[in-house]
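J.: Sequence first, then the predicted structure:
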Protein chains: 2
Amino acid sequence: MNQTARVALDGEYDEAQVPLLLRRRGMAEWADGRVRILDRRGLPATVCFIECRSVEEVAIAIESMAIQGAFTLSLAAGYGLALVAASHAGPLQTLPTSLDAAARRLVATRPTGLALSRMVAECIRAAQQAGPDKEALTAAIVATVDARAQRLARQALATARHALPLIANASAILTHCFADRSLLYLLLEARRAGRTLDVYCSETRPYLQGARLTAPAVLETGHRATVITDGSGGLLMRSQRVQAFLTAADRVCTDGTICNKIGTYPHALAARANGIPYYVLRQSGPDFESAGEDDIKIEFRNRKSVLEFMGIATSAGGVDALYPAFDVTPPDLVTKIVTDQGVFDPRAIDRYRRAELGPDVGSGAPPSRSTA
Amino acid sequence: MNQTARVALDGEYDEAQVPLLLRRRGMAEWADGRVRILDRRGLPATVCFIECRSVEEVAIAIESMAIQGAFTLSLAAGYGLALVAASHAGPLQTLPTSLDAAARRLVATRPTGLALSRMVAECIRAAQQAGPDKEALTAAIVATVDARAQRLARQALATARHALPLIANASAILTHCFADRSLLYLLLEARRAGRTLDVYCSETRPYLQGARLTAPAVLETGHRATVITDGSGGLLMRSQRVQAFLTAADRVCTDGTICNKIGTYPHALAARANGIPYYVLRQSGPDFESAGEDDIKIEFRNRKSVLEFMGIATSAGGVDALYPAFDVTPPDLVTKIVTDQGVFDPRAIDRYRRAELGPDVGSGAPPSRSTA
């Protein structure tokens, strides 16, 4: 076992110390010329991997929620472009066209988050600068995605360290959906500081990310995990059973508007009504492409998901359903946005220093223009 | 087929015109010396009935959610006391002791709503005034419950008629859990007026009353039913997709505080934040025993319900859960409370004319003292 296999992506923790979903194998990897994706749909009951051999298989894995999380699925998409390069059969000058078609397919899978389109744009740039053969092109794309995976983990750890003092006096916190790297590193850092928290996880229908992903990952970090239904957070906050509400964000506008998993907004309203702080963990700062709510396109997913529960129909024939995947929380309901650069008032998140970062993280890189 | 079998409990509609859940057989009936309860757990896929031969079987049916709704389950409890009288074997002077023990058992099944303890107290009174044999006692209890069932339906129809003008300009409404008689009569009355509404029903985890009971019943009334997850109401209100939010209430305090199914409070917050009126349909006025929030005991149910669906586990071993069945909405979030007597500001609900009603409906009858 070599050194790189033992150190986690953040560069500090051991790979075995971090929850499965923060490990390389818990997200997406480039392995033996394929994209290996942990199929999150079966979690926590079954740990299965999907081996994608084509960009279409990667796109379907993203669309079908085998992998989720705006930043995490962007890694799968990036490796998907490497598949295109590796399997390219015709003359090399036709590869850019194939990459562009693949990029369009990948970006179309999920319109709300912007990490995906940025990752794709970055991989296309890396390919343009690489050469002279398809092996070099493939390697350049894989290296780009690998570097992104490491940077995401390091940003998350930095974000967690900025967030830790904010919950210094909390014994119980509430989260919604799967808040991913930053929250899990926050919990790891809290354990390092000798603290054990009660972490309430709303189950997050219809995909149950809270019950299936967050709660088991919380246990892995050494804290107590308690699942509640999506309607229960209000009572918990009204009765002061939790002292902070924390989520990730699929999109952060430069005016501080948040777009996150459906159900976040009612939780934020209840937090504000009851004096509970709401902290948004957004390791990479705002999406400079998005000035405010008008720039957000809410993704509506397959309504069938709402009418069944783990494959079993819940209602009657003739009943319709509506499945908005995200909702919008205005900045006045957000207490702080925590980033790798520090803690921001939501109205001042546009002061996040975009210039010091690469063009891939919250930096105004053209999101889909380069691929559309 | 005789006249009573064709006219619904409200005395106006035909039994076949009202949704199953408003029919006698859709709730609880006294039939052939047994209590026949529609088992709502299997709805809408299966329509099955439980035949209870003992008060313990009735208590278990209530505890296990075979029947639900504060007022509806009180009917099952009342018939349960008739079972005690009908099956009494010892000397008649020992019957009051048996009835008291049964009453305690029934009242203990569900602590939050007060209709149950009132129904039980009323049946005990009817038994005390009846005589001289157990047949007469049984008949007196059954007649008391039958009369209550009719009064509930008539109150609901009156409530619906007061509510109809409030939604005169709405094309889409949102409800949570199963708002029962008053909402369904409101929808029937809207159809009579030639209107067709979009009715959004939050699914209401963990028992899915919204998906399983409300949405199919809405279809039966001739309107369109759309199921959403419990976290989606906020976005619907923020985007003005619905023009009113309506629920029942398990308890209404005299200061206008509402206690209803968990998840109501976040919806009420979102309604207020977005200028959407929130109407509480409470056919029988306030619970005069409850001055305010301090008098409400929130029922916590089996946490296992949150961690599974139809026996399928949703999370990992070691993960805990919390299942508060109700939450509390303060009066400043309630636009109007609609009753059989008319429309009240929540802060003025104590003006509901308790004196004109019998001692069973919102009238300050000792709820559990007579049976405890």
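T.: That came through fine.
J.: So the residue lying closest to residue A:34 once chain neighbours are set aside versus chain B, what's the distance?
T.: Distance criterion Cβ to Cβ, 6 or more residues apart in numbering or on different chains; nearest residue to residue A:34, sequence neighbours excluded, is residue A:51 at 4.9 Å. Glycine gets a C-beta too; all of them are placed from N, C-alpha and C. Applying Cβ to the nearest Cβ, to the nearest Å, the value for residue A:51 to chain B is 25 Å.
J.: and residue A:51, which of the three is it?
T.: Classification of residue A:51 using DSSP: H, G, I helix; E, B strand; the rest coil returns strand.
J.: show me the contacts for the nearest residue to residue A:267 once chain neighbours are set aside.
T.: Using Cβ to Cβ, 6+ apart and skipping the chain neighbours, the partner closest in space to residue A:267 is residue A:233 (4.8 Å). For residue A:233, the contact set (Cβ atoms under 8 Å, 6 or more residues apart in numbering or on different chains) comprises A:174, A:176, A:200, A:202, A:245, A:266, A:267, A:270, B:266.
J.: and residue A:233, what are its phi and psi?
T.: For residue A:233, the backbone dihedrals are phi -60, psi -40 (criterion: degrees, to the nearest 10).
J.: Now for chain A, the helix or strand with the poorest mean pLDDT.
T.: Within chain A, judged by mean pLDDT, DSSP states H and E, the helix or strand with the poorest mean is helix A:3-6; its value is a mean of 60.
J.: Now do the residue in the stretch 101-250 of chain A that chain B sits nearest to against residue A:97, distance only.
T.: Here the residue of the stretch 101-250 of chain A nearest chain B is residue A:231; by Cβ to the nearest Cβ that distance is 2.2 Å. Here residue A:231 is placed at a distance of 49 Å from residue A:97 (Cβ to Cβ, to the nearest Å).
J.: out of the two, which sits in the busier spot?
T.: The neighbour comparison of residue A:231 against residue A:97 (other Cβ atoms under 10 Å in any protein chain shown) goes to residue A:231, with 31 against 10.
J.: Look up the closest residue to the more buried one, ignoring the ones flanking it.
T.: residue B:263 (2.2 Å).
J.: next one: residue A:344
T.: For residue A:344, the spatially nearest residue (Cβ to Cβ, 6+ apart) is residue A:337, at 4.8 Å.
J.: that older thread, using a markdown table, lay out the contacts of residue A:233 together with distance to residue A:259, pLDDT and neighbour count.
T.: Formatted as a markdown table, those follow (distance: Cβ to Cβ, whole Å; pLDDT from 0 to 100; neighbours: other Cβ atoms under 10 Å in any protein chain shown):
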| residue | distance to residue A:259 | pLDDT | neighbour count |
| --- | --- | --- | --- |
| A:174 | 19 | 98 | 28 |
| A:176 | 13 | 98 | 30 |
| A:200 | 22 | 98 | 29 |
| A:202 | 17 | 98 | 31 |
| A:245 | 16 | 98 | 26 |
| A:266 | 14 | 98 | 32 |
| A:267 | 14 | 98 | 31 |
| A:270 | 18 | 98 | 26 |
| B:266 | 18 | 98 | 32 |
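J.: From those, pick the one nearest residue B:19.
T.: When the contacts of residue A:233 are ranked by distance to residue B:19 (Cβ to Cβ), residue B:266 comes first, at 27.1 Å.
J.: can you pull out the helices in the stretch 151-300 of chain A?
T.: A:180-192, A:209, A:215-220, A:233-238, A:264-273 (DSSP state H, counting those that start in this stretch).
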